[in-house]
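[1] I would like to see how this sequence folds:
(2 chains)
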Amino acid sequence: MTWPLIGGLALATFALRGTGPVLPRIPQALTQRTTGLAPALLAALVMTQLVTGGWHLDVKAAAVAVATALAALRAPLLASVIAGAAVAAGLRLLLRVS
Amino acid sequence: MRRTLLAAAPIGVAVAVFGVSFGVLALQVHIAGWAAVLMSVLVFAGSAQFAAIAILGAGGGVVAAVLAGALLNLRYLAVGAAVAPVLPGGPLRRMLLGQLVVDESYALGVAAGEAGRPDARTVLTTGAFLYGCWILGTLVGVMLGPVFGDPKRFGLDAAFPALFVALLWPMLTTRRAIRAAVVGGATGLVLAPFTPPGVPLAVAAALGLLVSQ
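    Presented below is the predicted three-dimensional model:
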């Protein structure tokens, strides 16, 4: 599992980073049509992380809310991540939930 | 050179700490420490690496993990094209130098350059510096990882969605991006409980493309 993962991602990233500097015109045509990909994928990743076990709210939803608020206030990326983890850990400790 | 590195130092610290969190979280989803470090050496793309291990951690397959990471890296086509006019050398050399073009080094290069012409030396010096920070951070992360024990105790499982939403937020500057995010989020919400993790992501990617036409 490890080698296909690392090899596949490394090759794909190398190709994507290497194409623009060599063929600047082709990527332009391509990227104009793919602007929605990253936001759609990231939003799907957030939701996938929240509801993989089923449709019920858990402390991760609160973590996401806090992380979103910090991002909206232009806090650094890492502040959102650490605050999210801290909120989840704190709520678990306080409420004794999983 | 010295001034460039001084300007990049705070970003280097952030990238290193980000690398630490990658190392820690990779261990939590049962990726070996050496594999996490090797991944940072060979891939050098934070959001893609996090997405890939998050999918594995949620029970998804390798193909889904690689695909999600690759799709998130599609933006580098545009970024690479934007630095193309200032990169030196023939095709092979430019392709290799292009590997040092990451979000942060590109941003600093644009700030140091003129309109439409990012400063190549800033991009490359900063890129190489951040590459070192990212690998070093990952190394520290996989050494620290075992200290955390049960990931839930420190809320490490919540770090993934918190990271993805923080990466997403600054992208929501156009109606098109907001529409794509709403469609993608709804897809994940509806499909994730009863499909393997690759399925909602593939559907979200397809719908994201469709609504951004």
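
[2] Identify the residue of chain B closest to chain A, quick one.
    Closest contact between chain B and chain A, by Cβ to the nearest Cβ, is at B:G80 (2.0 Å). For the C-beta atoms, the positions are set from N, CA and C on the backbone; glycine is no exception.

[3] Any idea how many residues pack against that residue?
    Neighbourhood size, B:G80 [other Cβ atoms under 10 Å in any protein chain shown]: 28.

[4] Below-threshold pLDDT in chain A: ranges please.
    Applying pLDDT under 70 to chain A picks out residues A:98.

[5] residue ranges for the helices of it, please.
    Assigned by DSSP state H, the helices in chain A fall at A:2-22, A:25-31, A:37-51, A:59-72, A:77-95.

[6] can I get those helices in TSV with mean neighbour count and distance to chain B?
    TSV is the format used below for those (neighbours: other Cβ atoms under 10 Å in any protein chain shown; distance: least, Cβ to the nearest Cβ, whole Å):
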stretch	mean neighbour count	distance to chain B
helix A:2-22	20	2
helix A:25-31	15	4
helix A:37-51	28	3
helix A:59-72	20	4
helix A:77-95	20	3
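
[7] so B:V15 makes contact with B:S105?
    No - assessed by Cβ atoms under 8 Å, B:V15 is found out of contact with B:S105, at 10.0 Å.

[8] what touches both of those two?
    Jointly contacting B:V15 and B:S105 under the rule Cβ atoms under 8 Å, 6 or more residues apart in numbering or on different chains are B:L130.

[9] Could you dump the helices of chain A into JSON lines and include distance to B:G23?
    Formatted as JSON lines, the helices of chain A follow (distance: least, Cβ to Cβ, whole Å):
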{"stretch": "helix A:2-22", "distance to B:G23": "14"}
{"stretch": "helix A:25-31", "distance to B:G23": "31"}
{"stretch": "helix A:37-51", "distance to B:G23": "19"}
{"stretch": "helix A:59-72", "distance to B:G23": "20"}
{"stretch": "helix A:77-95", "distance to B:G23": "14"}
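
[10] Just want the most central residue of the chain.
    Assuming you mean chain A. Centroid check for chain A by Cα atoms, centre = their mean gives A:L42 as the closest residue, at 4.8 Å.

[11] looking at chain B here, not the other one
    By Cα atoms, centre = their mean, the mean C-alpha position of chain B lies nearest to B:S47, the distance being 2.3 Å.

[12] Surely it is in a strand?
    No - under DSSP: H, G, I helix; E, B strand; the rest coil, B:S47 falls outside any strand and is assigned helix.

[13] what residues are up against it?
    B:S47 neighbours (Cβ under 8 Å, 6+ apart): A:42, B:72, B:167.

[14] Spell out which residues make up each domain of chain A.
    A:1-35, A:37-98 (automatic domain parsing).

[15] Would you mind telling me which of those domains is nearest B:L42?
    Among the domains of chain A, the nearest to B:L42 by Cβ to Cβ is domain A:1-35 (3.8 Å).

[16] from the chain's centre, how far out does the closest one sit?
    When distances are taken as Cα atoms, centre = their mean, to the nearest Å, domain A:1-35 is centred 18 Å away from the chain's centroid.

[17] Likewise for stretch A:42-56?
    Stretch A:42-56 sits 11 Å away from the centroid of its parent chain (Cα atoms, centre = their mean).
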